[in-house]
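Q: just the structure for this:
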Amino acid sequence: MGHCFSKDKSDGSDSEQAVEFVGGNVHRVTSKEDWDQKLSEAKRDGKIVIANFSATWCGPCRMLAPFYCELSEKHPSLMFLLIDVDELTDFSTSWDIKATPTFFFLKDGQQIDKLVGANKPELQKKLTAVLDSVGNHGK
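A: Numbering: from 1, shown residues only. Sure, this is the predicted structure:
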């Protein structure tokens, strides 16, 4: 699970690139029940949740996946979730997802911040701000 992405170089084509969206400490959410369970765990453990609403066909999502995995490894005090908008269409719609990737920052199940788009510096900035707000840098 430590590898965030892999590349199939058998034909030398980048179009056949395979990206692992789940790695590090990223948990894949496969149902509404799974989501509820993860939010309950986070609340119990006092963890802030970063929920990444993504899609396997989305180029920017694929580009950001390894960085998201890396962040999850650097910040074990946070819970990193991945929701595939195509697998959980109704659930994603209930969160008003208009573009992928969309990141929600949740504390006790409530949204405290949001980021739309694959903007690494902005994601890092928001993550740092959230950590600062709770005085916890995962170390």
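Q: do you know how far Asp113 is from Ser31?
A: 25 Å (Cβ to Cβ, to the nearest Å). Just so you know, the C-beta spots here come from the backbone N, C-alpha and C atoms, and that holds for glycine as well.
Q: more neighbours: those two, which one.
A: Asp113 (16 against 11; other Cβ atoms under 10 Å).
Q: in what helix or strand does that one lie?
A: Element membership for Asp113 (DSSP states H and E) is strand 110-116.
Q: buried ones in that strand?
A: Ile112, Asp113, Leu115 (16 or more other Cβ atoms under 10 Å).
Q: any chance of those residues in JSON lines, plus distance to Gly59 and pLDDT?
A: As requested, the buried residues of strand 110-116 are exported to JSON lines (distance: Cβ to Cβ, whole Å; pLDDT from 0 to 100):
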{"residue": "Ile112", "distance to Gly59": "28", "pLDDT": "95"}
{"residue": "Asp113", "distance to Gly59": "24", "pLDDT": "96"}
{"residue": "Leu115", "distance to Gly59": "17", "pLDDT": "97"}
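Q: distance of the spatially most central residue of the chain relative to Met79?
A: Geometric centre of the chain, nearest residue: Asn52, 3.3 Å, by Cα atoms, centre = their mean. Using Cβ to Cβ, Asn52 is found at 11 Å from Met79.
Q: where does pLDDT dip in the chain?
A: In the prediction, the chain carries residues with pLDDT under 70 at positions 1-22, 136-139.
Q: ok, which stretches of it are strands?
A: 26-29, 48-54, 78-84, 102-107, 110-116 (DSSP state E).
Q: redo these as JSON lines? Include distance to Phe91.
A: Supplementary listing: these in JSON lines, determined by distance: least, Cβ to Cβ, whole Å:
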{"stretch": "strand 26-29", "distance to Phe91": "8"}
{"stretch": "strand 48-54", "distance to Phe91": "9"}
{"stretch": "strand 78-84", "distance to Phe91": "7"}
{"stretch": "strand 102-107", "distance to Phe91": "12"}
{"stretch": "strand 110-116", "distance to Phe91": "15"}
